[in-house]
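[1] Sequence first, then the predicted structure:
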Amino acid sequence: MKSKNIIVGNWKMNPLSLKEAEKLFADVVKSISDIKKTEIVICAPFVYLEKLKKISKKISLGAQDVFWGEVGAFTGEISAEMLYDIGARYVIVGHSERRAMGENNNDVNKKIKSALSAGLRPILCVGEGMRDENHEYLNFVKIQIEECLNGVSKDSISKIVIAYEPVWAIGKEAPHPATPEEFREMNIFIKKILSDKFGVKEISKVRIIYGGSVDDKNAEGFIKDGKANGFLPGRASLSPEKFSKIVKICEALSK
Ligand code: PEP
């Protein structure tokens, strides 16, 4: 069976209080009550996850990062097992905002392995900082994928979601999102890297999603023309109205 399309809201470091987080989550839940064919995940700040779990089971919860160590002297860190224990089922790894703070492919690789062994599904973010005429950006993404997935078993690959997030398309300073055609090219390229590494059959359930200034105006093109299996919206996930419109577009185009 094919995997459902997936929409992962990345709230980043928002909102500022638990009360606001509960309201935002409850509003999102209300706005997607008739959704059946699309999986919805909200990646909220760590401190809200346990409370949000009590509001609804319709939306899966995810964290925005995880530490690779299992237990012990790692001041300030949070393990995959701890996240699973409080109800998270997904975790974003390798987001460009964490990479900008120094995280490298090797760190991301350790986080993926640790997440998988605790039962969390990693959402691996990859994407180039800029595009160049010589298509070096393809090589950059290839290296990211190969290094981040180094040592991951064939049995585990279907649990991983790959989010192609070109860094130049993320956030309010981004000049524009990628085009569906740019995503389509990358989607095919990523599938080729994965199938060479894991086998065509093993990767048939891997979802490749788009992130970078996605909204209710451009979402349709990424699914219809880019063949995206879903999205990772940042800003749009903070508006129940915009987020639910994206989800509904995805649902309407789901087979
Ligand atoms: C993100 O940071 O993952 C992201 C895609 O943000 P935005 O949708 O706001 O560009």
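    Cool, the structure landed.
[2] who touches whichever residue of the stretch 151-255 of the chain sits closest to the ligand in this structure?
    Nearest residue of the stretch 151-255 of the chain to the ligand: residue 234, at 2.3 Å (Cβ to the nearest ligand atom). For glycine as for every other residue, the C-beta is placed from the backbone atoms N, C-alpha and C. In this structure, residue 234 makes contact with 10, 12, 170, 171, 211, judged by Cβ atoms under 8 Å, 6 or more residues apart in numbering.
[3] Just the buried residues out of those residues, in PyMOL syntax.
    The following PyMOL selection, which keeps only the buried ones among these, applies the criterion 16 or more other Cβ atoms under 10 Å:
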select buried, resi 10+12+170+211
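[4] Just the local confidence number for residue 255, please.
    With respect to pLDDT, residue 255 scores 75.
[5] Residue 221: which of the contacts of residue 234 is nearest?
    For the contacts of residue 234, the closest approach to residue 221 (Cβ to Cβ) belongs to residue 211, at 14.6 Å.
[6] Make JSON lines from the contacts of residue 234 and add secondary structure, pLDDT and distance to the ligand to it.
    Converted to JSON lines, these look like this (DSSP: H, G, I helix; E, B strand; the rest coil; pLDDT from 0 to 100; distance: Cβ to the nearest ligand atom, whole Å):
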{"residue": "10", "secondary structure": "strand", "pLDDT": "98", "distance to the ligand": "5"}
{"residue": "12", "secondary structure": "coil", "pLDDT": "98", "distance to the ligand": "7"}
{"residue": "170", "secondary structure": "coil", "pLDDT": "97", "distance to the ligand": "4"}
{"residue": "171", "secondary structure": "coil", "pLDDT": "93", "distance to the ligand": "5"}
{"residue": "211", "secondary structure": "coil", "pLDDT": "98", "distance to the ligand": "4"}
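[7] Shouldn't residue 21 be within a helix?
    Yes. In this structure, residue 21 lies within a helix as judged by DSSP: H, G, I helix; E, B strand; the rest coil.
[8] ok, how many other residues are close to it?
    Around residue 21 sit 22 other residues, with neighbours defined as other Cβ atoms under 10 Å.
[9] ok, it - contacts?
    The contact partners of residue 21, taken as Cβ under 8 Å, 6+ apart, are 11, 15, 44, 45, 48, 51, 52.
[10] Residue 213 now?
    For residue 213, the set of contacting residues under the criterion of Cβ under 8 Å, 6+ apart consists of 169, 170, 171, 174, 176, 177, 235.
[11] Leaving out the residues flanking it, which one is nearest to it?
    The shortest distance from residue 213 to any residue that is not its chain neighbour, by Cβ to Cβ, 6 or more residues apart in numbering, is 3.9 Å, and that residue is residue 177.
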